[in-house]
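J.: Next come a sequence and a model predicted from it.
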Amino acid sequence: MSGWQAAPDGQLLVGGIAADRLAARAGSTPFFAYDRTAITHRVAEVRAALPSDVHLSYAVKANPMPAVLHHLAGLVDGFDVASAIELRHALDTGVPAEAVSFAGPGKRDGELRQAIAAGVLIELESESELDRVRRASDSLGIRARVALRVNPDFAVRGAGMRMGGGPQQFGIDSERVPEVLARLADDRFDFYGFHVFAGSQNLHAEAICQAQLRTVELVLELAKSEPGELRYLNLGGGFGIPYAGRDRPLELAAVGEHLESLLATLVRPQLPSARVVIELGRYLVGEAGVYLTRVVDRKESRGRTYLVVDGGLHHQLAASGNFGQAIRRNYPIAVANRFAALPTETVTVVGCLCTPLDLLGDQVSLPVAEVGDLIAIFQAGAYGLTASPNGFLSQSPAVELLV
């Protein structure tokens, strides 16, 4: 809960607005609130830490709320999308198509046609996708802008979710890349370069630095088979945020310093035309969001106190521990309208769904909360609403606010 402040009356402030007033503005609970100032500050921190000539791209899947995208459009250098709908929302912000990349396995033929027609960079995930892009380019009479997403021959230590190394649905195995590059040497493709993203949610600067070094070494080797000059090098991101008390924030400065050294010694001398991209989603917006839900019941069961709220995993699956956690850990949680009060009891916070999986806070220390109080779950700015089963048990949708 670091960085969040309380109003004079002890309530949580989000974007300078007290929790109860924000609930009135939302019109109902539960709802998500994203602090635009916090997003702006985080982007500025990243800009200050990374080399000045590194391009910063936002991974739309982390939080695709249109208002968030419009805000970020003036702060980052581009967007990475993973569907045709995300593509449309990204282009609606006014970001030029040349600054948008489209990654992800299983792109449908219609999506590929849309991407080619829009002029965005398609990051090819397989050889069959290459064939489908060729056919779509032929039918449209448009030369497709493409890059190869590479599945490296190494994994990243400390990643919360591994997305490279070993067999993967993501990218083309690095050993097959030279053969694929030979197939790209025709006038149907405008080939730009490579994208290597080996893992996400990493809090270890040393592991991220090592992954970036190995990525650059791999790309330099692959570039020997490239038909032209490499113009695009997407190093991925994977920067993590702390979710539990034992987590320590990523040492961003150490990552930036190592990347500057890596660019100076290897990338700029050997790939002078490459636009180097760092692609971040969660790290830019995750800590700027809070999920607010109201207590509808308080009950005792065999010595345990339960707070039952009107929200749940159908909006915030990650906080329930059912989205990428091997071992469930509580997200930071508070009584929003008593944010400045000290904890005085241990309670379990559960959602309104008829399943034991709907657990938002297991045996957490909070001030005494009664029916009608607001519970705040933090670190909710990324992989919240759109990463959750919104239709489960036909509950009401959650409002999203950017304040």
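T.: Looks like it arrived, so ask away. Worth saying up front: this structure is predicted, and the values here are computed from it rather than measured.

J.: For Gly94, grab the count of nearby residues.
T.: Residues near Gly94, counting by other C-beta atoms under 10 Å, number 9. (C-beta placed from N, C-alpha, C; glycine too.)

J.: doesn't Gly74 make contact with it?
T.: No. Assessed by C-beta atoms under 8 Å, Gly94 is found out of contact with Gly74, at 9.1 Å.

J.: show me the residues around the residue nearest to Leu280 when sequence neighbours are not counted that make contact.
T.: Among residues not flanking Leu280 along the chain, Gly237 sits closest, at 4.2 Å (C-beta to C-beta, 6 or more residues apart in numbering). Residues in contact with Gly237 (C-beta atoms under 8 Å, 6 or more residues apart in numbering) are 59, 197, 200, 278-281, 283.

J.: rerun that using 6 Å as the cut-off
T.: For Gly237, the contact set (C-beta atoms under 6 Å, 6 or more residues apart in numbering) comprises 278-280.

J.: what does the helix or strand where Glu400 lies contact?
T.: Assessed by DSSP states H and E, Glu400 sits inside strand 399-402. The contact list for strand 399-402 (C-beta under 6 Å, 6+ apart) reads 26, 31-34, 36, 65, 67-68.

J.: just for the stretch 201-350 of the chain, where's the confidence low?
T.: The stretch 201-350 of the chain contains residues with pLDDT under 70 at 326.

J.: ok so, going back, pick the one among the contacts of Gly237 closest to Glu45.
T.: Leu280 (11.2 Å; C-beta to C-beta).

J.: Any idea what the closest one is bridged to?
T.: Beta-bridge pairing for Leu280 (DSSP bridges): Tyr58.

J.: Please tell me how far it sits from Ser57.
T.: Applying C-beta to C-beta, to the nearest Å, the value for Leu280 to Ser57 is 7 Å.

J.: Using just helix, strand and coil, how would you label the closest residue to Leu184 other than its chain neighbours?
T.: Nearest residue to Leu184, sequence neighbours excluded (C-beta to C-beta, 6+ apart): Phe191, at 4.9 Å. Of the three states, Phe191 takes strand under DSSP: H, G, I helix; E, B strand; the rest coil.

J.: For Phe191, list each beta-bridge partner.
T.: Val146.

J.: Would you mind measuring from it to Ala182?
T.: To Ala182, Phe191 is 11 Å away according to C-beta to C-beta.

J.: got it, and Pro249?
T.: The value you get for Pro249 to Ala182, if C-beta to C-beta is used, is 44 Å.

J.: repeat for His89
T.: Taking C-beta to C-beta, one finds His89 at 36 Å from Ala182.

J.: can you map out the helices along the stretch 151-300 of the chain?
T.: With DSSP state H, counting those that start in this stretch, the ranges of helices along the stretch 151-300 of the chain come out as 177-183, 205-222, 252-262, 268-270, 282-285.

J.: Looking at those, which one is packed in the most?
T.: A comparison of the helices of the stretch 151-300 of the chain by mean neighbour count, using mean count of other C-beta atoms under 10 Å, puts helix 282-285 on top with a mean of 27.

J.: residues in contact with that one?
T.: So helix 282-285 is contacted by 39, 42-43, 62-63, 239, 381-382 (C-beta under 6 Å, 6+ apart).

J.: Mark which of the residues you listed are part of strands, please.
T.: Using DSSP state E, no member of the contacts of helix 282-285 falls in strands.

J.: can you pick the most crowded of these?
T.: Neighbour counts for the contacts of helix 282-285 peak at Asn63, which has 31 neighbours (criterion: other C-beta under 10 Å).
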